[in-house]
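Colleague: Quick one: sequence and predicted model below, then my questions.
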Amino acid sequence: MTSPDPDPASTPGLEPGGGVRPGDTPPGEASTTEAISHREAAPARVLPFAALGAIGVLVLLIVVFFVARAIDLL
């Protein structure tokens, strides 16, 4: 495991000021996922389908309302 901030004095390939030479790969950083001991469950996919269904029903009701108003005006 690498440290989050490598010591510039002991990191090979760094130029003065902390930059790297063109073509060199910068030093690696610590991963934020290394400390996770288990995989997290994926979020439920029901909510997006329910939201889309509710929006569809709402749009359908609005269309029916305006069609009924248009027929009433004729």
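Modeller: Okay, I see it.

Colleague: Tell me, please, where in this protein the pLDDT is lower than the cut-off.
Modeller: 1-8, 11-14, 18, 25-37 (pLDDT under 70).

Colleague: can you do 90?
Modeller: Applying pLDDT under 90 to the chain flags residues 1-50, 72-74.

Colleague: tell me the contacts of G23?
Modeller: Not one residue lies near G23 by CB atoms under 8 Å, 6 or more residues apart in numbering. Every C-beta, even on glycine, is put in place using the N, C-alpha and C of the backbone.

Colleague: Can you tell me the element it falls in?
Modeller: Under the criterion of DSSP states H and E, G23 resides outside all helices and strands.

Colleague: Check the gap between it and A68 for me.
Modeller: Separation of G23 from A68 (CB to CB, to the nearest Å): 70 Å.

Colleague: Also F49?
Modeller: From F49 to A68 the distance is 28 Å (CB to CB).

Colleague: now do L52
Modeller: Distance, L52 to A68, by CB to CB: 25 Å.
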